[in-house]
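Student: A predicted structure for the sequence below; I have some questions about it.
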Amino acid sequence: MSRNSSPWDQLLLQPPLCEGWKQNVEGAAYHLGNCILLLGYMGGSGIFGSIYIFSFLAPGYICYALWGWLNACGLDIFIWNMLLVMACVLQLAHLVYRLHKDTFLEEFDLLYKTLCQPLQVPFEVYKEIVKCCEEKVLSLGRDQNYAVEGKTPINRLSLLLSGRVRVSQDGQFLHYVFPYQFLDSPEWESLRPSEEGTFQVTLTAETDCSYITWPRRKLYLLLAKDRYIARLFSAFLGYDISEKLYALNDKLFAKFGLRFDIRLPSLHHVLGPASAEAEAEKELDEWEERAVPHRPMSTFVQTAASAPPPSAHPKAPRPDSALLASGSLTRSYPCALFKGRAPLAPTQTPEL
């Protein structure tokens, strides 16, 4: 072969041959390093998989460095393997820092598993939501007010993490707020970003509670910036408000045995003081006896929208919606329970 051939040509076309194999095997450090590297390369993906891999690579390269220093007696083998050990240690430190940086409080981890993980919300999106509330968990002592009717401004949105909160208006109990429900979702939806207002209900903690809160302006900026987060909050708030409405309706059904139309105004006024309940129920029973004297209550509820009343008792005209909202019904409307209260409505509302 020509002397002008390059080293690569000599290596590929005329590779050097081993003149003789060693009779003895390498030291234990060399074989131990190979075993450790074999275990290390079995790691998976993700941050925990990377931590597993580099945790095995570092001691494996240390074994190689010891083998190069003690058995092979090669300075270059020792230096290269020590450089690889340093690279693995630095990579491990970076991974641990990332893991610590992405770790939230236990309450936020449980919140993600309860609300966001079932909807397959990306963790990066969840971090933006948590960052907006400054990663703070606030506490509310027993019998402490979160909001006072007519006094507390609507300047935030809060989510209950633990405990139970009582919602009332004019001293009348409305419903409870349980964990992973919004404390003030109706108030949030009632105002536009440029409007201001105060709470129309009082929220009182019945037990020791913890919650997170988003400042109103800061949350509006986040919703305007990220359309996905805006749709996510819209779904959360819509479901939460519907749960509160149905909780009110179920309470009225347990009291009167009739389903109320949740679209009627001033529905909460049906939950009046105990002194007025007896008179209201008595008046309701009298009206039912006049309307359907031989039909049970459940049948009346199902057919009240379509069945005509007996000729002996002509149907009274339906009151105006403004009159219903004002609560100033007179005795001429037998479907009104009490002054200032929302009227009963059948489950099948007649078409206008």
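Tutor: In hand now; what should we look at?

Student: now for the nearest residue to residue 52 once chain neighbours are set aside: which residues touch it?
Tutor: Excluding its sequence neighbours, the residue lying closest to residue 52 (Cβ to Cβ, 6 or more residues apart in numbering) is residue 43, at 3.9 Å. Using the backbone N, CA and C atoms, a C-beta is placed for each residue, glycine as well. Residue 43 makes contacts with 49, 50, 52, 53, 56, as judged by Cβ atoms under 8 Å, 6 or more residues apart in numbering.

Student: do residue 79 as well
Tutor: Here residue 79 is in contact with no residues (criterion: Cβ under 8 Å, 6+ apart).

Student: can you check residue 39 too?
Tutor: By Cβ under 8 Å, 6+ apart, the neighbours of residue 39 are residue 56.

Student: about what we covered before: what about the residue nearest to residue 52, which SS state?
Tutor: Secondary structure, DSSP: H, G, I helix; E, B strand; the rest coil: residue 43 is coil.

Student: any idea how far residue 63 is from residue 178?
Tutor: Using Cβ to Cβ, to the nearest Å, residue 178 is found at 57 Å from residue 63.

Student: one more: residue 226?
Tutor: Distance from residue 226 to residue 63, by Cβ to Cβ: 49 Å.

Student: likewise residue 187?
Tutor: 65 Å.

Student: next one: residue 161
Tutor: 49 Å.

Student: so these two - more neighbours on which side?
Tutor: Set side by side, residue 161 and residue 63 show more neighbours around residue 63, with 22 against 19, by other Cβ atoms under 10 Å.

Student: nearest spatial neighbour of the more buried one, chain-adjacent residues omitted?
Tutor: Nearest to residue 63 is residue 33, by Cβ to Cβ, 6+ apart, at 3.1 Å.

Student: after the helix or strand where the one you found lies comes which helix or strand?
Tutor: Assigned by DSSP states H and E, residue 33 belongs to helix 28-40. Downstream of helix 28-40, the next assigned helix or strand under DSSP H and E is helix 46-70.

Student: now do whichever helix or strand comes after that next one against helix 28-40, angle only.
Tutor: Heading C-terminal from helix 46-70, the first helix or strand you meet, by DSSP H and E, is helix 75-101. Interaxial angle, helix 75-101 versus helix 28-40 (axes from the mean of the first three to the mean of the last three Cα atoms, to 10 degrees): 30 degrees.

Student: tabulate the CA atom coordinates of the next helix-or-strand element following helix 75-101 in PDB.
Tutor: Note on helix 75-101: by DSSP H and E, the next helix or strand toward the C-terminus is helix 106-111. Output of helix 106-111 as PDB, limited to C-alpha atoms (Å, rounded to 0.1, in the frame of the first residue of the first chain):
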ATOM      1  CA  GLU A 106     -49.900  18.800  48.900                       C
ATOM      2  CA  GLU A 107     -53.100  20.700  48.500                       C
ATOM      3  CA  PHE A 108     -52.200  21.800  44.900                       C
ATOM      4  CA  ASP A 109     -51.200  18.200  44.000                       C
ATOM      5  CA  LEU A 110     -54.600  16.900  45.300                       C
ATOM      6  CA  LEU A 111     -56.400  19.700  43.400                       C
END
